[in-house]
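Novice: Quick one, fold the following:
(chains A and B)
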Amino acid sequence: MPAIILDSEKIKDSVRRIMDLGGTGVLKCVQCGACSAVCPGVKAGFPVLCRMLIKKLLEGQFEELVEETSTWGCQACNRCTEVCPQGVRPQEVVFAYRRYQASELAFSSSATTSQMNLYGTGHAVFTEAGPLREKVGLPAKAPTSAYDEKAQKEIQTLLDDSPMGELGLF
Amino acid sequence: MAKVGVYVCHCGSNIAGVIDVEAVRTFAETLPDVAVARKELFMCSDSGQEMIKQDIRDGLVDKVVVAACTPRTHEPIFRGALSAGGLNKYLFEMANIRDQDSWVHAQNPEGATQKAKRLVASAVGKAAKLRPLEDKYVDVTKAALVIGGGVAGIFSALELAKMGFTTYLVEKEPSIGGVMAMLDKTFPTNDCSACILTPVMVEAGNHPNLELLTYSEVEDVDGYIGNFNVKVRRKQAYVDWAKCTGCGACAEKCPSKVPDEFNMGLSNRRAAYIHFPQAVPKKAVVDMAHCKSCGGRAIGTEPKISEKTGKPILAPCEKACPADAINRTLKWDPAGEIKEIKVGTIVVATGFQVMDKGWFKEMAPDNKNVITALQMERLISATGPTGGKLLRPSDNQKPHTLTFVSCVGSRDEKHHTYCSRVCCMYMIKQARLIKEKYPDLNIYMHFIDVRSPGKDYDEYYTGARRMGINILRGKVGGLEVLPGDNLRVLAYDLDAGSPVEYESDLVILATAMELPPATKKLAQTLGLQFCGSGFFKELHPKLGPVETATEGIFLAGCCQGPKDIPDTVSQAKGAAAAAAVPLCQGRVKIEPTISEVQTEKCSGCGICVPLCPYNAISLKLHAEKPRATIDITQCKGCGVCTAACPSAAIVLHGYEEGQIFAQIAALTA
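Specialist: Next up is the predicted model:
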């Protein structure tokens, strides 16, 4: 593994970019590791999450991490925010970095599928349950956006106008 | 016409790095009344002061303005230079062009230079109108009070007593000793805390100049340096301490059980009890809040007569007492008694408390096997609840895996942001003591980082690693309670970059040191201030570590901030030395920059009397008419009365109306 090259300009740039994306507490981190001690993502084996992600970002590794998949292991449980003694709000840093990764289209195909589903039906996960519903005496079509063109149009407009739309997925 | 000398200081680069000193000097030369304006790299240096003295001797100047750092640290130096030059020292004015200018406007040199000119002009305006003033002196009471009987208070009081001053040591508990008396052993020498403290406690108890006022609290303090009047409330012990021999017979017979404060609630004491085995003074106390008044023996009642024997039925405690020190027939006053003492100086050494574990929900605080470090201290102490055997509280079984958790409530924005300073070391100490005694135990310690900066401390820490104590970098995130009283530790190994989980039988939390809330009332009585960390604030963080903003009141020990025993003892002796200075001098100076009533102008309206925050003003008869009079020993020179007087009868010396108006005129020119 090559050595990390510490470059103060690069570090400043990394910190500024992560803060601009919403990770405003990143500089408060003292690297105590309490966040990683309780993080289910870290326990599940995502190494560059919580403390380690912040550590790398604070060393100026911003663009280098773009393909890192660990960040997608965050379950947004927010235990890190609860136990952090310095008010870093690590989850916000993780999400901030995810925003950058998303803007570079560096996320897994499974994430794309759920986005496409959302765009098409208004549900990230959707299964056709018509026959089952009829069997238990309910109308086949549930009163949701999946069967409502007007609602779908509204959702599509919202997504098109959102930062998600700018990614050009849809 | 006044001949003002202006001296502009570079303060190295502190001032000259921002402000154009030469421009300020040239500007000063153009001001009215200025006879000479000079500059110097360091005005406080010998050469700088000599410059002032020479100009005075040469008759060039008769008022002095120094534009420099701050009067807080440097005014006395320049006043001294004036005196040495043969001028009244109050003919001096300082323009603060460092703290209030170059430091705050470092990014704007031009603006800072303009501001410096204004500040100098203002100081010159005032200086030209200054009048000579004379210091006043009052006698002092040659006695001292030390509040708090922990290791800090004991050493402060002993030092003062040894210097020959009558010293009162007030302690709220029945015995002196404080937290140190509760400790098992002390780092880094592992000597027994009680063994090294007890002789000192006994010495304090026996010293002819030292009066112990235990089971007492300071109720009220008024007066000023040299002459404090203190009211001390001796709490009601319901035991005649003159007769009590400390045999403990009453405690043996008392049936009532209460959690023992000295054992941090890990065992019970009786309602009649002796604080701890090495107590000084060793006297019993009946804790009336938990007394059951056995046999209907309420305090202050005659005993019932037994129908069988015809003899009075006494409570077990009074029956057991061989010295007749407990007499429940007496009408004891529950409020205790007030003792009034007069002292010249006061040392505050009220100590600290450890934070309650209940604040930390993620650390399973309700579990019996999660304890604070001070509880651990009692658990391994020979005088503790288990006689020194390491048994976990839930089932009295020997634990196999121990976990130490650092920075619980310290270095935490939600609680205390400061480092509690001794936790790393006492955790290592406890781990070492346990490992020495039970080498087969697994000990894990979790630190954010280990702080061991004292003498011989790092060797102590590296020794712990060599003994096989497992030290992990990374803060513990939480504890989970498992069936069977065990706990799962959720930790993280920072160096490996991976999470750590294991089962532990006993978890010790190093909770933060903090100021006990009860001391807030004392702070109000004494006029003490708090620092950002919530402890008592010293006069100056570096150069006034034992002094406070209230003259004659000094600080020692953990009430000023977290400290280990060596630092506490050093500070306690330092505080005693500082507190002895006014007592040795026999008199204290009163600054003449205080208010005075010009009786002939006073109408006796009395508006000033209730406005004075120091109760220094009263109406006294003057030619048979009531006129305001100011007690010079109480006046602090705040100027409230001067501003409020409708007859302009009150002068604040050194800040007279003409002087202030001259400043305003210079600033608004």
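Novice: Let me know the secondary structure of the residue of the stretch 101-250 of chain B found nearest chain A.
Specialist: Closest residue of the stretch 101-250 of chain B to chain A, Cβ to the nearest Cβ: residue B:107 (19.4 Å). Heads up, the C-betas are built off the backbone N, CA and C, glycines and all. The three-state label given to residue B:107 by DSSP: H, G, I helix; E, B strand; the rest coil is coil.
Novice: For chain A, what lies in contact range of chain B?
Specialist: Within chain A, the positions near chain B by Cβ under 8 Å from any Cβ of the partner chain are A:30-39, A:42-43, A:47, A:51-52, A:79, A:82-83, A:85-87.
Novice: how about 10 Å then?
Specialist: Neighbours of chain B within chain A, by Cβ under 10 Å from any Cβ of the partner chain: A:28, A:30-40, A:42-45, A:47-48, A:50-52, A:55, A:79-80, A:82-88.
Novice: In PyMOL, how would I select the buried members of these?
Specialist: The following PyMOL line selects those of these that are buried, judged by 16 or more other Cβ atoms under 10 Å in any protein chain shown:
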select buried, chain A and resi 31+32+33+34+35+36+37+38+39+42+43+48+50+51+52+55+79+80+82+83+84+85+86+88
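Novice: Return the subset of the residues of chain A next to chain B lying in helices.
Specialist: A:34-38, A:40, A:42-43, A:51-52, A:55, A:79-80, A:82-83 (DSSP state H).
Novice: where's the residue of chain A most remote from its centre, which helix or strand?
Specialist: The centre of chain A is farthest from one residue, residue A:137, which by Cα atoms, centre = their mean lies 39.0 Å away. Residue A:137 is part of no helix or strand, with elements assigned from DSSP states H and E.
Novice: which residues touch it?
Specialist: With contact set as Cβ atoms under 10 Å, 6 or more residues apart in numbering or on different chains, residue A:137 has no partners.
Novice: Tell me the confidence at it?
Specialist: With respect to pLDDT, residue A:137 scores 94.
Novice: Residue A:1 now?
Specialist: Looking at residue A:1, its pLDDT is 64.
Novice: now residue A:17
Specialist: pLDDT for residue A:17: 97.
Novice: Quick check, it in contact with residue A:96.
Specialist: Yes. Using Cβ atoms under 10 Å, residue A:17 makes contact with residue A:96 at a distance of 8.6 Å.
Novice: what touches both of those two?
Specialist: Both residue A:17 and residue A:96 are contacted by A:23, A:57, under the criterion Cβ under 10 Å, 6+ apart.
Novice: Next, give phi and psi for residue A:85.
Specialist: phi -80, psi -10 (degrees, to the nearest 10).
Novice: so it touches residue B:419, yeah?
Specialist: No. Here residue A:85 does not reach residue B:419: they are 11.6 Å apart, not a contact under Cβ under 10 Å.
Novice: The residue of the stretch 101-250 of chain B closest to chain A contacts residue B:18, doesn't it?
Specialist: Yes. Taking contacts as Cβ under 10 Å, residue B:107 lies within contact range of residue B:18: 8.7 Å.
Novice: More neighbours: those two, which one.
Specialist: residue B:18 (24 against 8; other Cβ atoms under 10 Å in any protein chain shown).
Novice: ok, that one - contacts?
Specialist: Residues counted as contacts of residue B:18 (Cβ under 10 Å, 6+ apart) are B:97-98, B:101-113, B:116.
Novice: ok, now residue B:603?
Specialist: B:625-628, B:645-647, B:649.
Novice: Look up how far chain A lies from it.
Specialist: Residue B:603 is 59 Å from chain A, where distance means Cβ to the nearest Cβ, to the nearest Å.
Novice: what pLDDT does that residue get?
Specialist: 95.
Novice: For the closest residue to chain B within chain A, give me its contacts.
Specialist: Residue nearest to chain B within chain A: residue A:37 (3.0 Å; Cβ to the nearest Cβ). Applying Cβ under 10 Å, 6+ apart to residue A:37 gives the contacts A:43, A:50-51, A:79-80, A:83, B:446, B:474-478, B:489-494, B:499-501.
Novice: Give me the domain ranges for chain B.
Specialist: If you go by automatic domain parsing, the domain ranges for chain B are B:4-127, B:145-231+B:338-350+B:521-588, B:236-335, B:353-514, B:595-652.
Novice: can you give me the mean pLDDT across the third one?
Specialist: The average of the pLDDT scores along domain B:236-335 is 94.
Novice: cool, the first one as well?
Specialist: When the per-residue pLDDT values of domain B:4-127 are averaged, the result is 96.
Novice: could the domains of chain B go into a markdown table alongside distance to residue A:126?
Specialist: Below are the domains of chain B laid out as a markdown table (distance: least, Cβ to Cβ, whole Å):
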| stretch | distance to residue A:126 |
| --- | --- |
| domain B:4-127 | 58 |
| domain B:145-231+B:338-350+B:521-588 | 55 |
| domain B:236-335 | 58 |
| domain B:353-514 | 35 |
| domain B:595-652 | 73 |
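Novice: Between those domains, which one is closest to residue B:658.
Specialist: In terms of Cβ to Cβ, the element of the domains of chain B nearest to residue B:658 is domain B:4-127, at 9.1 Å.
Novice: who are the neighbours in contact with residue 19?
Specialist: Going with chain A. Counted by Cβ under 10 Å, 6+ apart, residue A:19 has contacts A:25-27, A:93, A:96.
Novice: you looked at the wrong chain, it should be chain B
Specialist: Residue B:19 sits in contact with B:8, B:10-11, B:67, B:97-98, B:101-102, B:105-106, B:109-117, where contact means Cβ under 10 Å, 6+ apart.
Novice: Can you give me the pLDDT of residue B:339?
Specialist: So, for residue B:339, pLDDT stands at 97.
Novice: ok, now residue A:110?
Specialist: According to the prediction, residue A:110 has pLDDT 76.
Novice: Before we go further, it is sitting in a helix, right?
Specialist: Yes. Assessed with three-state DSSP, residue A:110 lies in a helix.
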